[in-house]
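>>> Sequence first, predicted coordinates after that:
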Amino acid sequence: MAKAPARRPARGAVPRRAPKPPRTLKLPKLSLAVWLQRLRRALPWLLMSAAVVAVMGLVIYLPRTLDFFPLQQVRVDGVQDERRLQEVRMAVTSEVSGDNFFSVSLSDLHDEIRALTWVSRVEVQRQWPGRIEIRVSERVPVAVWNDDQLVASNGEPFTGMDKYDVEPLPRLTGPHQRLTDVMEYYHSMSRILQDAGLAVRSIRVDARLTARLELDNGVILVVDRDHYAQKLRRFVQLYQNVLEADSRTLAKVDLRYADGMAVTWAGSGPDRNKRV
């Protein structure tokens, strides 16, 4: 079979060239030192990007995750009276409402309870998986001061008359700035009088520190601050040896004498007042 004659390019046409095969570029091989150097340069950006991603994840998913850890119980130890316990419950409710186990601020909870006037010390901690434990140390009242405050065992005054049974407590009255002196009177006189089986029900002290004591048996004692301990011991000795055994009812003893005392008996009669 005869071959077809080759076609001649048309006049004026540019003959087509065969496409060149793609050329492959050969990259130079990098040494390990170069790779490490480039990695060190990129590392801060990689860490920053990872941190941004982590923060975004926390913002988006953490609130939903914390919902799986609800606050199940708040336990309070150390409060001895329901009135004071109710006050703690109110403080706790105001702080934990709407929070979960992890979002409750222990420091805020501590400060809220510590602000209660009758609280001496507070410890707050989380107990896995869903409990907050609160341990409260209460102030121990030993007396009523000026009818509107309590005196703690360490001598500090505090409010809270409506949170305690104050009837058994001794009543102390005196100038507001002299509480320390009045408390010293009370403790010292109580120690001396207890040798005769007597206790102080109330003590009223004036600006000159003259004290008027009412004892638990109803007897009134009046004593000034000069050598008051010596005068009280003299009264205790006379009470044990003479006055207690007398059939008459002792009403008042004035100890403001350097070498004796004035005794007043209840009722009337020639012997109602007697200096001994």
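Perfect, thanks for sending it. Residues are numbered from 1 along each chain as shown.

>>> Where does pLDDT dip in this protein?
Counting by pLDDT under 70, the chain has low-confidence residues at 1-32, 34-36, 38-39, 42, 52-68, 268-272, 274-276.

>>> Apart from its neighbours in sequence, what residue is nearest the residue nearest the centre of it?
Against the mean C-alpha coordinate of the chain, by Cα atoms, centre = their mean, the closest residue is R114 at 2.4 Å. Using Cβ to Cβ, 6 or more residues apart in numbering and skipping the chain neighbours, the partner closest in space to R114 is V122 (4.8 Å). In this view, the C-beta of every residue, glycine as well, is placed from N, C-alpha and C.

>>> Would you mind naming the residues that bridge with the one you found?
Under DSSP bridges, the beta-bridge partners of V122 are V136.

>>> can you check W145 too?
Beta-bridge partners recorded for W145 (DSSP bridges): Q149, L172.

>>> so what's it up against?
W145 is in contact with V151, P157, L172, T173, L179, V182, counting by Cβ atoms under 8 Å, 6 or more residues apart in numbering.

>>> Which other helices and strands does the helix or strand hosting the fifth one contact?
Going back to what we said before, that points to L179. L179 belongs to helix 179-193 when assigned by DSSP states H and E. Packing contacts for helix 179-193, counted by 3 or more Cβ pairs under 8 Å, 6 or more residues apart in numbering; DSSP states H and E, involve strand 141-145, strand 171-173, strand 200-205, strand 211-215, helix 228-241.

>>> wait, which of the ones you listed is closest to D162?
strand 141-145 (12.3 Å; Cβ to Cβ).

>>> Quickly note the distance from Q194 to S107.
45 Å (Cβ to Cβ, to the nearest Å).

>>> what's the answer for E133, then?
15 Å.

>>> So for those two, which residue has more residues nearby?
Between E133 and S107, counting by other Cβ atoms under 10 Å, E133 is the more crowded of the two (14 against 8).

>>> before we move on, what SS does the more buried one have?
strand (DSSP: H, G, I helix; E, B strand; the rest coil).

>>> from the contacts of W145, which two are the most distant?
P157 and T173 (12.8 Å).

>>> neighbour-wise, which of those two wins?
Ranked by neighbour count (other Cβ under 10 Å), P157 and T173 place P157 first, with 19 against 15.

>>> what sits opposite that one in the beta ladder?
Under the criterion used here (DSSP bridges), P157 is bridged to V151.

>>> Count the residues that sit near N100.
N100 has 16 nearby residues by other Cβ under 10 Å.

>>> before we move on, what about D81?
Using other Cβ under 10 Å, the number of residues around D81 comes to 13.

>>> Likewise for A33?
The local packing of A33 (other Cβ under 10 Å) involves 8 other residues.

>>> now swap in Q127 and tell me
11.

>>> related to what we said a few turns ago, nearest to M48, of the contacts of W145?
Nearest to M48 among those, counting by Cβ to Cβ, is P157 at 58.1 Å.

>>> Could you verify my assumption that T173 touches N146?
Yes: contact between T173 and N146 holds when scored by Cβ atoms under 8 Å: they sit 5.7 Å apart.

>>> So which bits of stretch 75-84 are buried?
V76, G78, V79, R84 (16 or more other Cβ atoms under 10 Å).

>>> Among the residues you listed, find me the one that's closest to E244.
R84 (40.6 Å).

>>> quick one: contacts for that closest one?
L116, W118, E138, G160, K163 are the contacts of R84 under Cβ under 8 Å, 6+ apart.

>>> what does V76 give?
L85, V88, R89, V92, I134, V136.

>>> got the domain boundaries for the protein?
For the chain, automatic domain parsing gives the domain ranges 73-138, 170-275.

>>> Next, format those domains as CSV and append distance to A50.
Shown next, in CSV, are the domains of the chain (distance: least, Cβ to Cβ, whole Å):
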stretch, distance to A50
domain 73-138, 24
domain 170-275, 63
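
>>> If you tally nearby residues, what's the number for the nearest residue to L198 once chain neighbours are set aside?
Excluding its sequence neighbours, the residue lying closest to L198 (Cβ to Cβ, 6+ apart) is L215, at 5.0 Å. Applying other Cβ under 10 Å, we find 19 residues neighbouring L215.
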